[in-house]
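Trainee: Show me how the following folds:
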Amino acid sequence: MRILFMADVPPDPSSGAAGTELRTAEGLRSLGHEVDTIWAPQLGRRIAHGNLHYLLELPRAYRREMLRARGRHDVVHVNQPHGYLAAKAKPPGSVFIHRSHGLELRAERDLAPWRPRPRLAQRVMAALLARHSRLIARYADGHIVSCSDDAAFLTEQLGVEPTRVAVIPQAASDAYLDRPLQPMTDARLQRVLYVSQFAFFKAPRIVAAAMRMLATRDARLRFTWVCSRSHHAEVRALLGEAADRVELLDWMPQETLLDVYDAHGIFLFGSFFEGFGKVFLEAMSRGLAVVATNVGGAHDVIASGENGLLVPPGDAAAMADAVTSLLADGERTASLAARAAATARTYTWERVARETAAFYEGVRKRKTA
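Mentor: Take a look at the predicted model:
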């Protein structure tokens, strides 16, 4: 197949959505498909404001770049609902695939209980952008999402036929799967790791509250928090008196982060909302015991009590209690972590590429039937 990939992100393998798009494109090429890619620098940007860029500029940029390709592709693949104009104008003979890394309308619904009511201007902007999601649901021939929560939203809330939706979970880096695992020692078990961008939907306040509780319960525990250095002062403020027990690290390349995972035994994943949330799978792949909120990819991958522990979103006490239960039985925790690593090894980028290509082919066959 001849495939056109378009994504309003830089081709950064260490970034979430960008890394997923890049690895998928590479995987499709390894299967013998011809893949052309268009990234953020080629799409261009003149409007600095994020939502105004999405509303006024990006839909036209996607359509412009697709039409410049002159219909040479069997599949046009765009990540984000802002490709709706391109979907509407797709060349004859092409199928249009919308890939979402977390449906915006589901995020609004799921985050509503946790944040203050938006101001009027924010509500107006959200309503305008919501139109993009409804239009991509109408015009795209197929939709790829990373978790069952998003698939259910597409079919139940946006009226997309189930045959037009594929759930294709992400994967950890090959290096994470290939390197031998470290044994789960007592020293490793007493180190707790959190890796996330500092954003509301990631629930940093909840994670910080859980760390504060754990710090008062067990003097042996040490914590590591990885996020952009620009937010370290905010993290310290959230941690309060527990800040001196937490090592703050800046973003780092995937290869360096692998060593950080290997030095820890427990991983926290506290999000209110996720499209997938790849870091919990990275932690599982390195044999960490994961305590995750029951959202996004964690909801699909983790069988609570078997290969990780699931807790309700927004419940810092439940997260702290889950960690305490892991510390109380090191043998059980080591067994759980080993099953986590085995689970993670079934999620590969080669599988992502195969399932993506198969979905493309299925959409093409249904369209020509």
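Trainee: Which stretches in the stretch 151-300 of the chain count as strands?
Mentor: Along the stretch 151-300 of the chain, the segments classed as strands by DSSP state E, counting those that start in this stretch run 165-167, 191-195, 222-226, 246-249, 266-269, 289-293.
Trainee: contacting residues around the shortest one?
Mentor: Meaning strand 165-167. 142-148, 150-151, 154-155, 300, 355-356, 359 (Cβ atoms under 8 Å, 6 or more residues apart in numbering). In this view, the C-beta of every residue, glycine as well, is placed from N, C-alpha and C.
Trainee: what about 7 Å?
Mentor: Strand 165-167 is contacted from outside by 142-145, 147-148, 151, 154-155, 355, 359, using Cβ atoms under 7 Å, 6 or more residues apart in numbering.
Trainee: Going through those, which ones are buried?
Mentor: 142-145, 147, 151, 154-155, 355, 359 (16 or more other Cβ atoms under 10 Å).
Trainee: now for the contacts of strand 165-167, which pair is the farthest apart?
Mentor: Thr155 and Glu355 (18.4 Å; Cβ to Cβ).
Trainee: Dump the strands of the stretch 151-300 of the chain into JSON lines; add mean pLDDT, mean neighbour count and distance to Asp12 as well.
Mentor: Formatted as JSON lines, these follow (pLDDT from 0 to 100; neighbours: other Cβ atoms under 10 Å; distance: least, Cβ to Cβ, whole Å):
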{"stretch": "strand 165-167", "mean pLDDT": "98", "mean neighbour count": "20", "distance to Asp12": "24"}
{"stretch": "strand 191-195", "mean pLDDT": "98", "mean neighbour count": "24", "distance to Asp12": "16"}
{"stretch": "strand 222-226", "mean pLDDT": "98", "mean neighbour count": "21", "distance to Asp12": "16"}
{"stretch": "strand 246-249", "mean pLDDT": "98", "mean neighbour count": "17", "distance to Asp12": "18"}
{"stretch": "strand 266-269", "mean pLDDT": "98", "mean neighbour count": "28", "distance to Asp12": "21"}
{"stretch": "strand 289-293", "mean pLDDT": "98", "mean neighbour count": "29", "distance to Asp12": "24"}
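Trainee: Which among those is found nearest to Gly275?
Mentor: The minimum distance between Gly275 and those falls on strand 165-167, with 11.1 Å, by Cβ to Cβ.
Trainee: Might one say that Ser146 is in contact with Gly275?
Mentor: Yes - judged on Cβ atoms under 7 Å, Ser146 makes contact with Gly275 at a distance of 5.3 Å.
Trainee: Settle this for me: Ala7 is touching Val76, isn't it.
Mentor: No - assessed by Cβ under 7 Å, Ala7 is found out of contact with Val76, at 11.9 Å.
Trainee: Redo the contacts of strand 165-167 as JSON lines? Include distance to Glu26 and pLDDT.
Mentor: JSON lines is the format used below for those (distance: Cβ to Cβ, whole Å; pLDDT from 0 to 100):
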{"residue": "Gly142", "distance to Glu26": "21", "pLDDT": "98"}
{"residue": "His143", "distance to Glu26": "22", "pLDDT": "98"}
{"residue": "Ile144", "distance to Glu26": "16", "pLDDT": "98"}
{"residue": "Val145", "distance to Glu26": "20", "pLDDT": "97"}
{"residue": "Cys147", "distance to Glu26": "22", "pLDDT": "96"}
{"residue": "Ser148", "distance to Glu26": "26", "pLDDT": "97"}
{"residue": "Ala151", "distance to Glu26": "25", "pLDDT": "97"}
{"residue": "Leu154", "distance to Glu26": "26", "pLDDT": "97"}
{"residue": "Thr155", "distance to Glu26": "30", "pLDDT": "97"}
{"residue": "Glu355", "distance to Glu26": "15", "pLDDT": "98"}
{"residue": "Phe359", "distance to Glu26": "17", "pLDDT": "98"}
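Trainee: just curious, which of these is nearest to Met184?
Mentor: Closest to Met184, out of all of the contacts of strand 165-167 and judged by Cβ to Cβ, is Cys147, at 27.8 Å.
Trainee: mind listing what that closest one touches?
Mentor: Counted by Cβ under 7 Å, 6+ apart, Cys147 has contacts 167, 275-276, 296-297, 299-300.
Trainee: picking that back up, of the strands of the stretch 151-300 of the chain, which is nearest Gly44?
Mentor: strand 165-167 (29.9 Å).
Trainee: How is this protein divided into domains?
Mentor: 2-171+348-368, 174-344 (automatic domain parsing).
Trainee: How far off centre is the longest one?
Mentor: Just to be clear, that refers to domain 2-171+348-368. 14 Å (Cα atoms, centre = their mean, to the nearest Å).
Trainee: May I have the distance across that domain, first residue to last?
Mentor: 17 Å (Cα to Cα, to the nearest Å).
Trainee: what does the shortest one give?
Mentor: Terminal residues of domain 174-344 are spaced 11 Å apart (Cα to Cα).
Trainee: ok, now stretch 31-39?
Mentor: 22 Å.
Trainee: Pick out whichever of the buried ones among the contacts of strand 165-167 sits closest to Thr163.
Mentor: Closest to Thr163, out of all of these and judged by Cβ to Cβ, is Gly142, at 8.7 Å.
Trainee: From what I see, the closest one and Val363 are in contact.
Mentor: Yes - with contact defined as Cβ under 7 Å, Gly142 reaches Val363; the gap is 4.1 Å.
Trainee: list residues touching both of those two?
Mentor: Joint contacts of Gly142 and Val363 (Cβ under 7 Å, 6+ apart) are 95, 97.
Trainee: mind listing the helices for the stretch 251-369 of the chain?
Mentor: Here the stretch 251-369 of the chain has its helices, by DSSP state H, counting those that start in this stretch, at 254-262, 278-285, 296-301, 316-328, 330-344, 349-368.
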